[in-house]
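Q: need a structure here:
(one chain, ligands or ions: 1)
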Amino acid sequence: MVANVLEVNPERLWDSLERSAEIGRFRDVGLRRLALSAEDKQMRDLFVEWAKSAGCTVEVDRLGNIFARRPGTDPSLPPVAIGSHLDTQICGGRYDGILGVLCGLEVVRTLNDRGLQTKRGIEVICWTNEEGARFNPPMMGSMAFAKVLTLESVLATTDDAGITVEKALDEIGYAGSAPVGREFDAYLELHIEQAPVLDREGCDVGIVVGGYKTQALRLTINGDTGHAGGTPMAQRRNALVGAGYVIAAVNDIGLAYAADEGRTTTTRIESFPNLAGTYAEQVKLTIDFRHIDADRFKAMRAEVDAAIAAAAKKANVEIEVAEGWSWGSELFAPECIELLKTTAKELGLPYREMRSQAGHDAYAVATMAPTAMIFTPCFEGISHNVNEAIELTRSVPGANLLLNAAVARANR
Ligand SMILES: [Zn+2]
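A: Below is the predicted model:
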């Protein structure tokens, strides 16, 4: 039994979320705070200021990952890390990632209020470019930290304007010198669910045991360009038509697997020359598919591959397939899942176990440290949308679980 149950300060947490919601405000209620942009810098600066006034030492690594450390009584022990991200999608909401970082900060502030020390330090982390909205792939900060990606490849990644991560970090002054990669005792991440399960079930806490298996594919569809009027239909090799067949077929596969939790999505299209009056020579397409069950995931992959081949034939084009991001095959650490469950029981918090349908920094960190995640509800699961919404009263139970679990682990 936790001798002394700790509770976060809900009003302070909400105030911090509201302050964050002013930086990069988009379409009145949402946020556009792309990784390593001026808005991202402004939010990072505010986070650093908050962390320092809470007595933390702040370090930044070469990728701009920020580590705010509240020291423990035994500095020789690796810290308990709590992290998420402060960047957003292009039409993003106010809570995706942000809630997790600010709950981490709230953990530190609550411990300060109570004058409590922990044996291990507690570190609050803001990971660089979780969203992948400006630089692809997503989650590159945590992936490089966990050595899933190389530092060099991440620094050389460019946005659509050709600006490298390295240059963007220099421009906002967040190319730090802290080591990229080091030991954590454990990693905990709180995040809004981004799916409607908790909201619909009226449950406020999800304990995440792992992710959906997820695979992205980058397709390059090659045809020929030609005149929109003159070229006989039978002669056309319109890459955009090939893309259209792929998009429709991939969506149908998602619908066919929807009953047992399959998902497919076409997310991005680039067409060349992308002009009226001429048809497309080349189209680049990103698709992804996800399933909770590994065998069903394999079956989906086979259907997606077959659909791509059929689309190529029907449109008389060639389609090259390259694998993009993938994650979700690992489960989180049983010891951390157990810690969250035990702590939830001690706090009297009803919870459900679940798998995450979205990608998170926690997947990369799970390859290097015992990791688990807490989900909190968001209205109807709406996310990556300016209308993303949470209720404070339904977010506080997850924040209290994070607080008490982190402290228990840090005092172990
Ligand atoms: Zn997120």
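
Q: In contact with the residue of the stretch 301-412 of the chain found nearest the ion, which residues?
A: The minimum distance from the stretch 301-412 of the chain to the ion, using C-beta to the ion, falls at His360 (6.4 Å). (Each C-beta comes from the backbone N, C-alpha and C, glycine too.) Counting by C-beta atoms under 8 Å, 6 or more residues apart in numbering, His360 touches Ser84, Glu130, Met139, Glu189, His191, Gly211, Met373.

Q: What is the burial count for the fifth one?
A: When neighbours are defined as other C-beta atoms under 10 Å, His191 has 29 of them.

Q: likewise the first one?
A: Around Ser84 sit 28 other residues, with neighbours defined as other C-beta under 10 Å.

Q: Look at it and give its secondary structure.
A: Ser84 falls in the strand class when you classify it by DSSP: H, G, I helix; E, B strand; the rest coil.

Q: Could you find the closest non-adjacent residue to the residue of the stretch 1-150 of the chain found nearest the ion?
A: Per C-beta to the ion, the residue of the stretch 1-150 of the chain with the smallest distance to the ion is Gly97, at 3.8 Å. Spatial nearest neighbour of Gly97, chain neighbours left out: His85 (3.7 Å); criterion: C-beta to C-beta, 6 or more residues apart in numbering.

Q: can stretch 137-148 be found next to the ion?
A: No. Stretch 137-148 stays clear of the ion (C-beta under 5 Å from the ion), getting no nearer than 8.8 Å.

Q: Figure out how far that stretch is from the centre of its chain.
A: Stretch 137-148 has its C-alpha centroid displaced from the chain centroid by 11 Å (C-alpha atoms, centre = their mean, to the nearest Å).

Q: For the protein, what lies in contact range of the ion?
A: Asp96, Gly97.

Q: what about the chain, any weak spots by pLDDT?
A: Scanning the chain for pLDDT under 70 picks out 1-3.

Q: Nearest the middle, which residue of it would you pick?
A: Closest to where the C-alpha atoms of the chain average out (C-alpha atoms, centre = their mean) is His360, at 3.7 Å.

Q: Distance of that residue relative to Thr231?
A: 47 Å (C-beta to C-beta, to the nearest Å).

Q: Arg62 too?
A: Here the criterion is C-beta to C-beta. By it, Arg62 lies 51 Å from Thr231.

Q: Buried residues of the top helix by length along the chain, list them for me.
A: Identified as the longest helix of the chain according to DSSP state H is helix 294-315. Neighbour-count burial for helix 294-315 flags Phe297, Met300, Arg301, Glu303, Val304, Ala307, Ile308, Ala311, Ala312, Ala315 (criterion: 16 or more other C-beta atoms under 10 Å).

Q: One more: stretch 275-286?
A: Judged by neighbour count (16+ other C-beta under 10 Å), stretch 275-286 contains these buried residues: Tyr279, Ala280, Glu281, Gln282, Val283, Lys284, Leu285, Thr286.

Q: Can you list the strands that the host helix or strand of the fifth one pairs with?
A: Following DSSP states H and E, the helix or strand that holds Val283 is strand 282-291. For strand 282-291, the paired strands and their directions (DSSP bridges) are strand 213-222 (antiparallel), strand 263-272 (antiparallel).

Q: I would like the residues contacting stretch 310-318, please.
A: Counting by C-beta under 8 Å, 6+ apart, the neighbours of stretch 310-318 from elsewhere in the structure are 221-223, 236-239, 241-242, 244-246, 249, 319.

Q: Is it possible to mark the buried ones in the residues you listed?
A: 221-223, 236-239, 241-242, 244-246, 249, 319.

Q: Which of these fall in helices?
A: With helices identified by DSSP H, the entries of these that belong to them are Ala239, Val241, Gly242, Gly244, Tyr245, Val246, Ala249.

Q: I'd like those as TSV, with distance to Gly30 appended.
A: Output for these, formatted as TSV (distance: C-beta to C-beta, whole Å):
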residue	distance to Gly30
Ala239	33
Val241	34
Gly242	34
Gly244	30
Tyr245	33
Val246	30
Ala249	32
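
Q: so which of the residues you listed comes closest to the ion?
A: Of all these, the ion sits closest to Val246, with 27.4 Å by C-beta to the ion.

Q: From Ala228, how far out is that closest one?
A: Relative to Ala228, Val246 is positioned 21 Å away (criterion: C-beta to C-beta).

Q: ditto for Ala399
A: Noted for Ala399: a distance of 56 Å to Ala228, by C-beta to C-beta.

Q: Could you do Gly162 as well?
A: Distance, Gly162 to Ala228, using C-beta to C-beta: 30 Å.

Q: Cys336 too?
A: Here the criterion is C-beta to C-beta. By it, Cys336 lies 57 Å from Ala228.

Q: okay, those two: which has more neighbours?
A: Cys336 (23 against 13).

Q: Next up, the contacts around the more buried one.
A: The neighbours of Cys336, taking C-beta under 8 Å, 6+ apart as the test, are Ala186, Tyr187, Leu188, Pro370, Thr371, Ala372, Arg409.

Q: again, only using 10 Å
A: Each residue near Cys336 by C-beta atoms under 10 Å, 6 or more residues apart in numbering is listed here: 186-188, 207, 209, 362, 366, 369-373, 405, 409.
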